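Asker: let me see the structure of the following:
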Amino acid sequence: MKSTVLVMSFVFVIFVFMQACSGGGGSARVSPDISRELSIPKGDPRCLNGGTQTETGVDHNGNGILEPDEVENTVVDCFKKVTLSSDVAGGNCLFGGIKVEEGSDINKDGLLNPDEIDSALTRYICRFQIQPATHLIYRADKNVIDNHELFRVRIDVSPFEEVFLAGPDTGGAVGVSLISPDRSHIAFLGDLTTRGVTELYIVDLRETGSEKVKISGPLVSGGNVLEFQWSPDGTQLAYLANQDTNVSAELYTVNPDGSNRNKVNGPLVFGGGVSQFSWSPDSSRLAYLARQENFESMELYTTPPDGTENVKINDPLPSGGDVSSYEWSPDGTRLAYLADQEADQTFELFTAFSDGTGQGKVNAELALGGDVSDFSWLGNATRIAYIADQLSDNKAEVFVSFPDGSGNMRLNQALPATGNVARFVISPDNSRIAYLADAESDEVLELYSIQVDGTEYQKINGPIVPGGSVHNNSSLPASFTWSPDSSQIAYLARQNSVEKIELFTSLVSGGSSSRINTEIVVTGGNVSDFAWSPDNTRIAYLADHASDGIFELFSVLPNGSGQNRINDDMPDPRSYISGFTWSPDSTRIAYLGDPRAFDVDELFASEPDGTDNRQVNSPLESGKHVINFLW
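Answerer: Coordinates of the predicted model:
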C-alpha cells in the first residue's frame, strides 16, 4: 500500500508540473490566489498610528488585479512602536527622567528607527529633585480632640519652627493629605467649611501664612469628595466625588488654583458610578473603572484630563463580566488589566494601548478552572510578570510575557503537587524577579530569585528550622524587599527559630543569609516591619525584642553591623512605636509613638544612628494625638 501511494503522488506532481508549464490551446485554466497590501494612514479609526491592510482572494477574471468583489480575507496590521531612553539632567528634564518616543514600524523590523519616530508624540516623564529633609507636615487634634488640623515644622533649625497650615472653621477635621510632586503645595480632604461635608482643599507651601483654598466644585446635598490624586507632573488634581448627584461617584479634574474644573467620565447608566482611577505616568491621561454603560459590568476607560475622547479599553464582556484591576505601563502607553473578558469568572490578563487599540491577551491558555491572580509591569515596560494557575488548576506559578502575549515563559522551578507561588517582587533594575513559594516542602514558604529570561535561579533564604518559613504577611507591602540597587534582598522569616520572626538579608548572587536584627530576648518577640533607606545604606525596623508587644525602632547596616536603637527609653511599659518613614534624602527617620507619655502619640525625627532624636510636634495634652505625617 505504501508503494502505491508513492507512485500516485509522483504521477500527481508530474500532472501539476505539466499544467503549470503548458500554454494556451484551450486547456483548463486555474485561477490563482493573489493579494494586495494597502497603507492605512495615521488617524484612521482602524489604526490611529497607521498600519497596513492586507487583502487576499482569487483572481477569477484573470486580470492579475484583486478586484473588490474578489476579496475573501482582510487582515489589518497596526504599526505602533515605543522606545524608552534616559533623558539626562538639564535637558528636557531638569533632574533627569525618561524619554518616550512613538512611531510606526514602517519596515516591520520590530524596531523604531530614527526615520520612523513621530516627533509630535515624543514626551518626557521627568523626575523631581530629591529635597533635603528640612520639613515635616503632620496632622493632629492639637487644640480640640478629634478636630484634626494640619501643621508644618521646619526641622533643620534649632529650635524647630512650627506653623499652622489648615484646620476646620467650625468643627470637622482635616483628612487625607498629599504633597504635590514638586513639593510646592499640599492638598487635603476635610469637612472644614460645613460639618459632615468632605471637600478638597489646597495650601501653597511656598508662602508662609497662605490660606487654604477650596478647589472642588459645589456639591449636591449629601455629596462628598471621596478621594483624590495629584498628576505626576503636579499641574492638576483628579478627584472622585458625589458632586452632581449624591447617588453616583464621578471623576473630575482641576488645576491647583481651582480653575479648569472638568467632569471626565462619560455619561453613567442609572445606578452606575466610577470606583477607581489613576493618572498615566506622563500625566496625559486618566484611567478609571466604572459602571458607565452597563450597570452589571465594571469596565475600564481612559480619558485626557479635559474629558474629551473618552474611550473604553476592554473588549466586550460576557454577561456578569468585570474588569477587576488594572495598571499603567511605566511609559504610559499601555494598560494591563485583569478581567473575565472571554468567559464569566475566568480572570485573564489583557493589554491595550491607552487609546483603546492594540487589544491582546497576555497569558497563555489557562488550565480548566485556572485564573490570573496578580500581575505587575517591569519598570522598563518591556514585559509583564503575573501569577496564574496556567498549567494546572490550583497550582499558582509565576510567568513572564511580552505585552502582546508572545515570549510567555514560566519562571519558577517545577513545584511539588501541592506547591504554589504566593507572591513576587520585581527588582528595581528590572533584571530579576524574587518570589515566595513552597517549592521544596508543602506549606514551607521559601524565597527564590531568577533572571527575567529564566536563567540564574537562586534560593535566597538560609536553611529553615522545622516548622519555620519565610514570612508572608499580606498586611505589609511585602515581607521581602529588594535593596534600591537590586544587589540584596531583605526578608522576614522564622528561619533560625520557629518562635521568632526575624529580619535577614542575602546577596542576590548567592551565599549565606545574615540575621541583622538585634537579639530578641522575650518570648513572643518579633520583627514586625522594615524599610530600606532610599540611598541603600541602612535598614530601619520595628521589633518587640525586650518586652512582648512593646515595639521599638532600630536602624542597622545591611550586613548586620552598626546596630542602633532610634527611640529613647520608654518609661511606661505600655508605650510603643507605631510607624516610621525615611526622609527622601535618607538623612533622617521620622516616627510616631508614645515613648514619653502613654496614649499621647507624637512625632519624632532622628539621625539614622539614633543621634539628634527630637520631638517634632509641639506638646500635646493627654488624649490628643498626631495622626500621621509626610516628609
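
Asker: quick one: contacts of whatever helix or strand Tyr326 lives in?
Answerer: Using DSSP states H and E, the element containing Tyr326 is strand 323-328. Strand 323-328 has contacts (CB atoms under 8 Å, 6 or more residues apart in numbering) with 278-281, 287, 289, 298-300, 313-314, 317, 334-341, 347, 375-377. C-beta coordinates here come from the backbone N, C-alpha and C atoms, glycine included.

Asker: list the neighbouring strands of it plus their orientation.
Answerer: Paired with strand 323-328 in the same sheet, following DSSP bridges, are strand 334-339 (antiparallel).

Asker: quick one: name whatever helix or strand follows the partner strand.
Answerer: Strand 334-339 is succeeded, C-terminally, by strand 348-353 (DSSP H and E).

Asker: from the chain's centroid, how far away is that following strand?
Answerer: 15 Å (CA atoms, centre = their mean, to the nearest Å).

Asker: after that strand, which helix or strand is next?
Answerer: On the C-terminal side of strand 348-353, the nearest following helix or strand under DSSP H and E is strand 360-361.

Asker: if you count contacts, what does that next one end up packed against?
Answerer: With contacts defined as 3 or more CB pairs under 8 Å, 6 or more residues apart in numbering; DSSP states H and E, strand 360-361 has these neighbours: strand 348-353.

Asker: tell me which strands the strand it packs on pairs with, and in which orientation.
Answerer: Counting by DSSP bridges, strand 348-353 is paired with strand 334-339 (antiparallel), strand 360-361 (antiparallel).

Asker: buried residues, the strand holding Tyr326. List them.
Answerer: For strand 323-328, the neighbour count (16 or more other CB atoms under 10 Å) marks 323, 325-328 as buried.

Asker: now do the SS call for the closest residue to Arg574 other than its chain neighbours.
Answerer: Of all residues not flanking Arg574 in the chain, Phe598 sits nearest, at 5.2 Å (CB to CB, 6 or more residues apart in numbering). Following DSSP: H, G, I helix; E, B strand; the rest coil, the label given to Phe598 is coil.

Asker: how close does Phe598 get to Val225?
Answerer: With distances taken as CB to CB, to the nearest Å, Phe598 is found 36 Å from Val225.

Asker: what do you get for Ile202?
Answerer: 12 Å.

Asker: same thing with Gln292?
Answerer: Counting by CB to CB, the gap from Gln292 to Val225 is 20 Å.

Asker: more neighbours: the two, which one.
Answerer: Val225 (26 against 23; other CB atoms under 10 Å).

Asker: got the phi/psi numbers for that one?
Answerer: Dihedral pair for Val225: phi -80, psi 130, per degrees, to the nearest 10.

Asker: surely it touches Tyr239?
Answerer: Yes - counting by CB atoms under 8 Å, Val225 does reach Tyr239; the two are 5.4 Å apart.

Asker: overlap in contacts, the two.
Answerer: Common contacts of Val225 and Tyr239 (CB under 8 Å, 6+ apart): 200, 216.

Asker: now do the strands in the stretch 1-150 of the chain.
Answerer: For the stretch 1-150 of the chain, applying DSSP state E, counting those that start in this stretch gives strands covering 33-40, 51-58, 71-78, 81-87, 97-103, 123-126, 135-140, 149-154.

Asker: what helices and strands are in contact with the first one?
Answerer: What it means is strand 33-40. With contacts taken as 3+ CB pairs under 8 Å, 6+ apart, strand 33-40 sits against strand 51-58.

Asker: what's the end-to-end length of stretch 489-509?
Answerer: The first residue of stretch 489-509 is 10 Å away from its last residue (CA to CA, to the nearest Å).

Asker: so how far is the strand holding Tyr326 from its chain's centroid?
Answerer: Chain-centre distance of strand 323-328: 10 Å, with CA atoms, centre = their mean.

Asker: average pLDDT across it?
Answerer: Averaged over strand 323-328, pLDDT sits at 98.

Asker: CA atoms only for it - export them in PDB, please.
Answerer: C-alpha atoms of strand 323-328 as PDB (Å, rounded to 0.1, in the frame of the first residue of the first chain):
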ATOM      1  CA  VAL A 323     -12.500  44.300  34.900                       C
ATOM      2  CA  SER A 324     -11.200  43.700  38.400                       C
ATOM      3  CA  SER A 325      -7.900  45.700  38.400                       C
ATOM      4  CA  TYR A 326      -5.500  47.500  36.000                       C
ATOM      5  CA  GLU A 327      -2.000  49.000  35.900                       C
ATOM      6  CA  TRP A 328      -0.400  51.600  33.700                       C
END
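
Asker: in the protein, what spans have low per-residue confidence?
Answerer: 1-31, 42-50, 78-91, 94-95, 108-111, 128-129, 474-478 (pLDDT under 70).

Asker: could I get the full set of helices for it?
Answerer: 2-21 (DSSP state H).

Asker: distance of the spatially closest residue to Asn265 that is not a sequence neighbour relative to Leu445?
Answerer: Nearest non-adjacent residue to Asn265, counting by CB to CB, 6+ apart: Leu251, 4.6 Å away. Computed as CB to CB, the Leu251 to Leu445 distance reads 39 Å.

Asker: how about Asp340?
Answerer: 29 Å.

Asker: from Phe228, how far out is Leu189?
Answerer: Relative to Phe228, and taking CB to CB, Leu189 is found at 7 Å.

Asker: which residues do those two both contact?
Answerer: With CB under 8 Å, 6+ apart as the test, Leu189 and Phe228 both reach 176, 200.

Asker: the most centrally placed residue in the chain pairs with what?
Answerer: By CA atoms, centre = their mean, the mean C-alpha position of the chain lies nearest to Glu327, the distance being 5.6 Å. Here Glu327 sits in beta bridges with Ala336, going by DSSP bridges.

Asker: offset the numbering so it begins at 59, please.
Answerer: That works, and once the first residue is 59, the last one we named lands at Glu385.

Asker: count the neighbours of Val327 for me.
Answerer: 14.

Asker: same question, the one 10 residues further on
Answerer: Here the neighbour count serves as a burial measure; for Trp337 (other CB under 10 Å) it reads 22.

Asker: contact partners for it?
Answerer: 287-290, 296, 343-344, 386.

Asker: same thing but 7 Å
Answerer: Taking CB atoms under 7 Å, 6 or more residues apart in numbering, we find Trp337 in contact with 287, 289-290, 296, 344.

Asker: as a markdown table, those residues with neighbour count and distance to Ile156 would be great.
Answerer: Listed next are these as a markdown table, based on neighbours: other CB atoms under 10 Å; distance: CB to CB, whole Å:
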| residue | neighbour count | distance to Ile156 |
| --- | --- | --- |
| Gln287 | 16 | 20 |
| Ser289 | 21 | 16 |
| Pro290 | 19 | 11 |
| Ala296 | 21 | 22 |
| Leu344 | 26 | 20 |
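
Asker: distance to Thr252 for these - can I get that in CSV?
Answerer: Shown next, in CSV, are the contacts of Trp337 (distance: CB to CB, whole Å):
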residue, distance to Thr252
Gln287, 24
Ser289, 28
Pro290, 32
Ala296, 23
Leu344, 28
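
Asker: closest one to Gly465 out of these, please.
Answerer: Pro290 (29.1 Å; CB to CB).

Asker: burial check on the nearest residue to the closest one once chain neighbours are set aside, number of neighbours?
Answerer: Among residues not flanking Pro290 along the chain, Ser341 sits closest, at 5.1 Å (CB to CB, 6+ apart). By the other CB under 10 Å criterion, the neighbourhood of Ser341 contains 20 residues.
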